[in-house]
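**Student:** Predicted model, plus sequence, below.
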Amino acid sequence: MTERRSIFWMRRDLRAHDNVALHAALSASDRVVCVFVYDRTILDALPRHDRRVAFIHASVAEAGADIAKLGGKLLALEGDPAELIPALARRHDAGRVFANDDYEPSARRRDAAIAEALARDGRELVLSKDQVLLHKEEVLSKAGTPYTRFTPYYNAWLQRLGQDRNILSDYDPAPLKARFDASVQGPSNISLDKLGFDEIDLEALSLYPGASGARRVFDEFTGKVDDYMARRNTLAVAGTSGLDIHLRFGTMSIRAIFRELGKRKDTHNASVGGWIREVCWREYFSQLLYHVPRVADGPYLEKYAQLDWVKGKLGEQRLAAWKNAATGYPIVDAAMTQLNTTGAMHNRARLVAGSFLVKTLGVDWREGEAYFALQLNDYDQASNNGNWQWVASTGADAQPPYRIFNPASQSQTYDPDAAYIKHWLPALAPIEARHLHEPWKRKAPIPDYPAPIVDLASSVEECKRRYGAVARAPAA
Ligand SMILES: Cc1cc2nc3c(=O)[nH]c(=O)nc-3n(C[C@H](O)[C@H](O)[C@H](O)COP(=O)(O)OP(=O)(O)OC[C@H]3O[C@@H](n4cnc5c(N)ncnc54)[C@H](O)[C@@H]3O)c2cc1C
């Protein structure tokens, strides 16, 4: 049955093409009003200079232009969606609001409130799967419970993908373009200045917004995907896809990515398979946050709530040194400099810097999680939380508690020539690489560079004591 009028509400799916909710709205309606809301309840907490807001702004502009090319219009609003969406539905007498599902606890609360407000007026919020290939109850164990270990989840996920090619369907809006409503009054975008944010030169940060940016990054990656497994851990090379921000904001459909990779004759080569496995971690953490939302506030393994973190003045000093790239461990300081200046950080560097904060400095992983949430261009609550809990050994299928990343050996293995360190800390360029892996072994201290803030050997003992105390504690 077609509705007279519907709303398509664009959120973390900043594209017109192959967008499930947009396609659902066009399929079910005579007229579709498209809207994006700059959500003040999220934006008000962000600093003025926020790379993600600039990326979203440019991507909304491109999505709006693409919708206009199809004969429609994207309306941009600013405020609280909990008020704006029901009001817009009333104004246009829309029976249904279509949007793509968001699995974060705060988004689910928002959507539940909006669904309730719409229902009071006899309207409906319709949510579709778009952000991931498989969601919610689609990958469950034989007992019907969510997976809390990655490998069985991955095997079941692969099997499910292999069984149903429709999962990769292309939701092309073009055949339905006559149903776009271009008559809606209001702006197609709002300037960054009016929103209270700075313009940012994204290209200088190698960030290319919108569907065109995603296409550019994807095409570049397909040219080098065969080397993914060989190069993905080398800190000084761009051996990974760089699709993170595009997956985060939906500037490219995950289905399109898989369709295109599937066209290759050698889909099963180790590098493509290895990359697909990494993408599965994203879906694993997404379903985990959906099924176990309490992980947003504390450890999945609840006994680790008792960990005796370094707190008070010492904890604050250590956290500040970590954030400010002043730990005296070049690999960690280079990683934090990359994050602070660009919003990006290599996955291996995230593991090293994360482990350093939690296991070497003894600071609560939630401090690191919160800092990454503020800084990362690709910040995604499920992936960030899941990875921090992996590093801290508190998560569902995390690394063992006594596995501690040694910053010196990580540096030697993944940045042997110290090229990554020297790139992000150019003042250290004249220093020999071996002294940058273990500066404390150098006869004279490195000029103008801090001494290590903790001794590595004692920090290992301290970490074992901290985790051991919980392991020995009687069950609650
Ligand atoms: C402490 C910590 C925090 C992290 N926080 C985030 C975050 O907020 N957002 C985020 O997208 N990733 C996060 N990651 C995972 C990973 O570092 C990034 O996804 C990756 O660096 C993105 O670069 P890429 O797109 O070039 O990766 P590629 O290696 O090309 O991987 C392709 C895609 O797979 C997904 N992926 C890869 N590795 C992981 C992983 N370990 N967990 C979940 N998804 C993964 C991402 O969507 C990524 O874009 C975090 C990792 C750590 C250790």
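**Tutor:** Noted; the coordinates are in hand.

**Student:** so Tyr38, which of the three states?
**Tutor:** Secondary structure, DSSP: H, G, I helix; E, B strand; the rest coil: Tyr38 is strand.

**Student:** try the one 3 residues further on
**Tutor:** Put simply, Thr41 is helix when judged by three-state DSSP.

**Student:** is it true that it touches Asp80?
**Tutor:** Yes. At 5.6 Å, Thr41 and Asp80 qualify as touching, with contact defined as C-beta atoms under 8 Å. (Each C-beta comes from the backbone N, C-alpha and C, glycine too.)

**Student:** my guess is Glu104 meets Gln381, correct?
**Tutor:** Yes. Counting by C-beta under 8 Å, Glu104 does reach Gln381; the two are 4.8 Å apart.

**Student:** what sits in contact with each of those two?
**Tutor:** By C-beta atoms under 8 Å, 6 or more residues apart in numbering, Glu104 and Gln381 have these common neighbours: Leu289, Ala296.

**Student:** Strands of the protein, start to end?
**Tutor:** Ranges of strands within the chain are 3-10, 29-39, 74-79, 96-100, 124-128, based on DSSP state E.

**Student:** The ligand is nearest to which of the ones you listed?
**Tutor:** Closest of these to the ligand is strand 96-100, at 16.3 Å (criterion: C-beta to the nearest ligand atom).

**Student:** Grab the nearest non-local neighbour of the one residue sitting closest to the centre of the chain.
**Tutor:** Most central in the chain under C-alpha atoms, centre = their mean is Asp380, positioned 3.1 Å from the mean C-alpha point. Nearest residue to Asp380, sequence neighbours excluded (C-beta to C-beta, 6 or more residues apart in numbering): Arg248, at 5.2 Å.

**Student:** can you count the residues close to Asn347?
**Tutor:** 14 (other C-beta atoms under 10 Å).

**Student:** ok, the residue lying closest to it once chain neighbours are set aside - how many residues close by?
**Tutor:** Distances taken as C-beta to C-beta, 6+ apart place Thr240 nearest to Asn347, at 6.7 Å, with adjacent residues excluded. Residues near Thr240, counting by other C-beta under 10 Å, number 19.

**Student:** Would you confirm that Thr240 contacts Thr234?
**Tutor:** No. Between Thr240 and Thr234 there is no contact under C-beta under 8 Å: 9.8 Å.

**Student:** overlap in contacts of those two?
**Tutor:** In terms of C-beta under 8 Å, 6+ apart, Thr240 and Thr234 are not both contacted by any residue.

**Student:** Up against the ligand, what does the stretch 201-350 of the chain have?
**Tutor:** 232, 240-244, 247-248, 278-279, 281-282, 285, 347, 350 (C-beta under 6 Å from any ligand atom).

**Student:** Filter those down to the buried ones, PyMOL style.
**Tutor:** A single PyMOL command selects the buried members of these (16 or more other C-beta atoms under 10 Å):
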select buried, resi 232+240+241+242+243+244+247+248+279+281+282+285+350
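
**Student:** Isn't Arg403 up against Val391?
**Tutor:** No. Here Arg403 lies out of contact with Val391, judged by C-beta under 8 Å, at a distance of 9.7 Å.

**Student:** Get me the contact residues on the stretch 351-476 of the chain for the ligand.
**Tutor:** Leu351, Gly354, Phe372, Leu376, Asp378, Tyr379, Asp380, Ser383, Asn384, Asn387, Trp388, Val391.

**Student:** Tell me, how many residues neighbour the fourth one?
**Tutor:** Think Leu376. Neighbours around Leu376, by other C-beta under 10 Å: 21.

**Student:** Contacts only, for it.
**Tutor:** So Leu376 contacts Leu339, Gly343, Ala344, Met345, Asn384 (C-beta under 8 Å, 6+ apart).

**Student:** Let's see that with 10 Å instead.
**Tutor:** By C-beta atoms under 10 Å, 6 or more residues apart in numbering, Leu376 lies in contact with Arg51, Arg52, Asp244, Ile245, Arg248, Leu339, Gly343, Ala344, Met345, Arg350, Ser383, Asn384.
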